[in-house]
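Visitor: Sequence and predicted structure are below.
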Amino acid sequence: MPDTGTTASATGAHQRLRRSLGFRDLVVYGLLFIAPMAPVGVFGTLDAKSHGAVALVYVVATAAMAFTAFSYAQMVRVVPRAGSVFAYARAGLGNGAGFVAGWMAMLDYVLIPAVAYLFSGIAMNALVPGVSRWVWTALAVVVTTLLNLWGVRAAARVGFLVLALEIVVLLVFVVSAVVVLARDGAQRGVLSPLTGDGTQGAFALSAVIGAVSVAVLSYLGFDAIAAFAEEVTGGSEKVARALLFCLALAGVLFVAQTYLVALLEPVTSARLARDPGAQGAAFYDTVDSAVGAWLHDLVAASKAVGAAFAALAGQAAAGRLLFAMGRDRRLPRALSRTDGGVPRVALLCAAAVTLIAAGWAARRDDGLDKLVSVVDIGALSAFTLLHASVLGYFVVRRRRWSWWRHVLVPLLGAAITVAVVVEAAGVAQVVGAVWLVTGLLVLVGQRGWRDVPGG
């Protein structure tokens with residue numbers, strides 16, 4: 001039987017979420033958070049790192065992240081609760097580990113929306129230079145927060161329209177790229193996106209693996225689907241299927257677009273490697289030169305709107321995490337209050353933190369780099385504890401397990417996430433360590449407080 005926890009049975013009417021989401025809604029939230037054209041910003045970096053085998057990088061990255069998706073699917077079936085990895089680690093490893101998992105995931109869920117809001121502000125400022133980027137950033141926060149406060153179902157409906165727009169733009173790019181390739185031919189070999197362009201020597205698996213450590217960050221956000229486990233109709237099996245489907249679909253979209261743009265790329269991977277300053281705009285520059293400025297502007301506008309709604313999905317997931325931790329008294333209990341099935345207090349707190357972080361970064365020239373360098377550590381640390389939770393729940397606690405589903409997959413998944421953490425920037429590792437130590441101190445303080453009579 002699924003472990004819903006003792007807290008769930010004791011929750012009152014003001015601590016319950018409304019069940020209104022279907023399979024499509026879950027996929028919409030997952031794809032919105034990931035963003036269908038997520039590789040746009042990192043294409044140049046991956047092309048340079050992988051020696052031109054950028055499409056292969058995403059094939060490997062999709063396979064690598066599949067281990068994490070599979071572990072999520074295992075746990076959501078038996079612990080169908082809001083809070084995602086917080087609830088899973090609590091069930092599989094104990095209350096202390098659950099708090100640490102939730103605490104590390106909080107760093108990801110709160111700061112990734114801030115990055116997305118800032119990216120939206122920067123993109124809109126490029127399209128409308130007369131309005132400061134921090135104004136656009138704040139406007140995006142306000143609009144998406146109001147949608148989240150309206151309700152998860154309403155936000156999903158609006159999100160579906162935005163996602164459909166992003167998919168249309170992606171299809172326009174694909175069709176335009178195919179037309180150009182049929183008319184003018186490819187700038188690189190047809191198999192080069194899978195084998196490398198040869199300008200940095202022979203194919204090197206180590207170069208591809210090094211690029212994968214960056215590419216997996218494009219997938220962060222699909223796990224947000226699990227945060228809505230208490231709001232889905234039809235049972236947790238639907239959440240598990242949505243997780244796996246969302247990752248597979250994102251992988252197909254990522255491989256297809258990077259394959260096509262690599263064929264159109266007039267600059268070699270060796271030249272990109274020598275010019276790091278050109279890597280960030282490599283996707284846009286290729287589209288501009290191969291197809292035209294009109295598609296460049298269309299993609300930029302789509303990314304601006306899409307980023308804001310990626311933040312909407314992230315903010316919604318962050319609100320559910322804060323709600324779950326408040327309900328289990330790991331954070332202030334006021335966060336667990338709902339109004340009409342919507343965790344408005346938790347959502348407003350998440351919005352306030354992301355607004356402060358995004359507003360601070362929007363006023364700095366290096367703000368985006370500072371935020372991006374730290375957001376990934378929280379997610380990867382939480383993923384590692386997720387895999388440990390599968391082992392703890394099925395092997396140690398229940399002692400009814402499958403050697404490949406509950407042992408091999410989580411061990412391989414944990415090895416991948418730990419390897420990516422090791423490859424992360426030094427600043428990100430320091431911030432992650434400081435955040436972890438802070439969480440441990442909070443945990444120790446909570447235990448001490450609960451030992452006091454009446455506490």
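Guide: Thanks, I have the structure now. As the structure is a computational prediction, the values presented were derived from the model and not from experiment.

Visitor: Per-residue pLDDT of residue 250, please?
Guide: For residue 250, the pLDDT comes out at 94.

Visitor: how about it, secondary structure?
Guide: helix (DSSP: H, G, I helix; E, B strand; the rest coil).

Visitor: Leaving out sequence neighbours, find the closest residue to it.
Guide: Taking Cβ to Cβ, 6 or more residues apart in numbering, and ignoring the residues beside it in sequence, residue 250 has residue 34 as its nearest neighbour in space, at 5.1 Å. In this view, the C-beta of every residue, glycine as well, is placed from N, C-alpha and C.

Visitor: Report how many residues lie close to residue 294.
Guide: Using other Cβ atoms under 10 Å, residue 294 has 12 neighbouring residues.

Visitor: average pLDDT for the one helix or strand it maps to?
Guide: Using DSSP states H and E, residue 294 sits in helix 293-327. Averaged across helix 293-327, the pLDDT comes to 85.

Visitor: go on, stretch 434-441?
Guide: For stretch 434-441, the per-residue pLDDT averages 90.

Visitor: ok now that stretch, how far from the chain's centre?
Guide: 22 Å (Cα atoms, centre = their mean, to the nearest Å).

Visitor: Quick check: next helix or strand after the helix holding residue 294?
Guide: Counting by DSSP H and E, the next helix or strand C-terminal to helix 293-327 is helix 344-362.

Visitor: so how many other residues sit close to residue 297?
Guide: By other Cβ under 10 Å, the residues close to residue 297 number 15.

Visitor: Residue 91 too?
Guide: The burial count for residue 91: 23, using other Cβ under 10 Å.

Visitor: Check the gap between residue 114 and residue 342 for me.
Guide: Shown here: residue 114 relative to residue 342, a distance of 22 Å by Cβ to Cβ, to the nearest Å.

Visitor: okay, those two: which has more neighbours?
Guide: Neighbour tally, residue 114 and residue 342, criterion other Cβ under 10 Å: the higher count belongs to residue 114, 28 against 23.

Visitor: Please identify which helix or strand holds residue 58.
Guide: According to DSSP H and E, residue 58 maps onto helix 54-78.

Visitor: Flag every buried residue along that helix.
Guide: Within helix 54-78, the residues that qualify as buried are 54-62, 64-76, 78, counting by 16 or more other Cβ atoms under 10 Å.

Visitor: What about residue 267? Give its phi and psi, please.
Guide: For residue 267, the backbone dihedrals are phi -100, psi 140 (criterion: degrees, to the nearest 10).

Visitor: contacting residues for it?
Guide: When contacts are counted by Cβ atoms under 8 Å, 6 or more residues apart in numbering, residue 267 touches 278, 282, 285, 286.

Visitor: Please identify the helix or strand for the nearest residue to the second one once chain neighbours are set aside.
Guide: With sequence-adjacent residues excluded and distances taken as Cβ to Cβ, 6+ apart, residue 282 is closest to residue 44, at 2.9 Å. Take DSSP H and E as the rule and residue 44 turns out to sit in helix 43-49.

Visitor: Just the residues contacting that helix, thanks.
Guide: For helix 43-49, the external contacting residues (Cβ under 8 Å, 6+ apart) are 39, 54, 57, 207, 210-211, 214-215, 258, 261-262, 265, 269, 272-273, 276, 278-283.
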